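Q: Predicted model, plus sequence, below.
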Amino acid sequence: MLGLGPFLVAGLLLGGCAGRDTVRRSADEWYALGSAHMARGKYGKAEAAFNQLLEQHPQDRRRPETLLNLTEALYRDKRYEEAKFQARRFLELYPAHAEAANAQYYVAMSAFQRLKTIDRDQTLTWEAVQELQRLLQTYPRSPFAEEAKQKLAACRERLATAELYVGRFYYRKGAYPAAIGRFAQLLRTYPEATFADEVFFLLGDAYARNENRQEAASVFDELVKRYPQSRYASNARARLTALR
């Protein structure tokens, strides 16, 4: 705790952050108090202590670390929009800091933690994709890179699933041109989707139902070639035979 004894830290904890408009403490005391609250999972109190350090000691050398600690406290308290704001503030003030990748991680994860279900607006998913890509492009060797890749893949799968959800809606309604547009766009944008074989089959069937036999045959043929072991492959082969 920056050289502060355990009895002093205990005293600070007992005093808490009451009367924050009038209480003045040294930067060491505020930092130790915030760190102690963080260790105990008291994130709201940690936030208050770190804020006081930033307000009362604008020239302190630990301002970057304090701002990042404040970001972490807000993130752990599930106040993701506020955490994102502070993380972006860190990046604006200290773009070359050794912990800049950490701040970008909090920006990305503050969006990721608020993802909506596939039947809802996917704005936050797109935001998470953009911020995760920025993390990987700007800090490719950071300790967060591997997790960022996994989270990015999960976001892309979610966006693909949302497209499939809409495509199926049009398909069930018999709006085949609209369904075709969605399925084709999904395959172009998310070729790595784990359910791509299903999308190929639905696209082929939508073409067939829309009386476009040539396109239907082309899609079924592609399905068989790409996914010969798929559960849709045998049905696609049968459809090909019927179409030719």
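A: Now that the structure is in, tell me what you want to look at. Numbering: from 1, shown residues only.
Q: Contact partners for R62?
A: 27, 31, 53 (CB atoms under 8 Å, 6 or more residues apart in numbering). Placement of C-beta: from N, CA and C, glycine included.
Q: number of nearby residues for P143?
A: 10 (other CB atoms under 10 Å).
Q: what sits against it?
A: Contacts of P143 by CB under 8 Å, 6+ apart are A101.
Q: Would you mind measuring from it to R237?
A: 48 Å (CB to CB, to the nearest Å).
Q: can you check V129 too?
A: In terms of CB to CB, V129 sits 36 Å off from R237.
Q: who's more crowded, those two?
A: V129 (20 against 15).
Q: so what pLDDT did the closest residue to that one other than its chain neighbours get?
A: In space, and not counting its chain neighbours, V129 is closest to C155: 4.8 Å by CB to CB, 6 or more residues apart in numbering. Turning to C155, the model gives it a pLDDT of 98.
Q: ditto for the one 4 residues further on
A: In this model, L159 is scored at 98, pLDDT.
Q: for R244, same thing?
A: 83.
Q: residue closest to the middle of this protein?
A: F112 (2.6 Å; CA atoms, centre = their mean).
Q: doesn't Q130 make contact with it?
A: No. F112 is not in contact with Q130 according to CB atoms under 8 Å; the separation is 11.4 Å.
Q: Identify each buried residue in the longest helix anywhere in the chain, please.
A: Identified as the longest helix of the chain according to DSSP state H is helix 145-172. Within helix 145-172, the residues scored as buried using 16 or more other CB atoms under 10 Å are 148, 151-152, 155-156, 158-164, 166-168, 170-171.
Q: same question, stretch 133-147
A: Quick answer for stretch 133-147 (16+ other CB under 10 Å): 135-136, 139, 142, 144.
Q: I'd like to know which elements the host helix or strand of Q185 is packed against.
A: Here Q185, judged by DSSP states H and E, is contained in helix 176-189. In terms of contacts (3 or more CB pairs under 8 Å, 6 or more residues apart in numbering; DSSP states H and E), helix 176-189 is packed against helix 145-172, helix 196-209.
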